[in-house]
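Peer 1: Pasted the sequence and its predicted model underneath.
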Amino acid sequence: MAKRQIFYSFHYDNDVFRVQQIRNIGALEGNEPVSINAWEIVKRGGDTAIKRWIDENLSYKSCLVVLIGSETANRKWVKYEIEKAWNDGKGVLGIYIHNLNCPRNGKCYQGSNPFQTFTMKRDGKSLASIVKCYSPSYNNAYNEIAYNLEDWIEEAIKIRANY
């Protein structure tokens, strides 16, 4: 099977080191990590430039993977990415990354489910009742993610196609 093209959504400042561990699994073709300098240039362009950057980078992806750290659910651009991906018919899933070790901060507390703030117009359901979030164990988080990531993405794509 060809590698899926995916887009990682996360809180850059808090979780970039945890996210790099997931990117290094190599099972998928994710968006290339944006350097802090490049991200600062995009941010200087304001909301319009940020939306354009997200839209362009999400456009040819088949799935959005939200990597959920302690503050991810409250991030403006993570919310935008979730809404955009869902409305564009892409698979969407969440993975709690609080149990991955960060060289700067160690492990963090589990953040809130970022899908709880979205309500479906069609039937009034919370997006959290449709989109799956996975919480790898404290002792084996990296290996659980590495072993299951492809299957989780395929399932998310099927869920979205059937909704």
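Peer 2: Perfect, thanks for sending it.
Peer 1: Which secondary structure element of the protein has the lowest mean pLDDT?
Peer 2: One helix or strand of the chain scores below all others by mean pLDDT, DSSP states H and E: strand 29-30, with a mean of 52.
Peer 1: Have a look at this structure and report its longest helix.
Peer 2: Counting by DSSP state H, the longest helix found in the chain is helix 141-161.
Peer 1: how far does it sit from the chain's center?
Peer 2: 12 Å (Cα atoms, centre = their mean, to the nearest Å).
Peer 1: tell me what it is packed against?
Peer 2: For helix 141-161, the packing partners by 3 or more Cβ pairs under 8 Å, 6 or more residues apart in numbering; DSSP states H and E come out as helix 12-23, strand 63-68, strand 91-96, strand 133-134. Glycine gets a C-beta too; all of them are placed from N, C-alpha and C.
Peer 1: got the buried residues for that helix?
Peer 2: 141-142, 144-146, 149, 152-153, 156-157, 160 (16 or more other Cβ atoms under 10 Å).
Peer 1: follow-up on the earlier one: and the helices and strands packed on helix 141-161, which is most packed in?
Peer 2: strand 63-68 (a mean of 26; mean count of other Cβ atoms under 10 Å).
Peer 1: one step back: of the buried residues of helix 141-161, closest to residue 25?
Peer 2: Relative to residue 25, the closest of the buried residues of helix 141-161 is residue 146; by Cβ to Cβ it sits at 4.7 Å.
Peer 1: Look up how far residue 118 lies from that closest one.
Peer 2: For residue 146, the distance to residue 118 (Cβ to Cβ, to the nearest Å) stands at 28 Å.
Peer 1: is it possible to export the helices and strands packed on helix 141-161 to JSON lines including mean pLDDT and distance to residue 5?
Peer 2: Listed next are the helices and strands packed on helix 141-161 as JSON lines, based on pLDDT from 0 to 100; distance: least, Cβ to Cβ, whole Å:
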{"stretch": "helix 12-23", "mean pLDDT": "84", "distance to residue 5": "14"}
{"stretch": "strand 63-68", "mean pLDDT": "96", "distance to residue 5": "8"}
{"stretch": "strand 91-96", "mean pLDDT": "98", "distance to residue 5": "11"}
{"stretch": "strand 133-134", "mean pLDDT": "98", "distance to residue 5": "20"}
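Peer 1: Brilliant, that's me finished.
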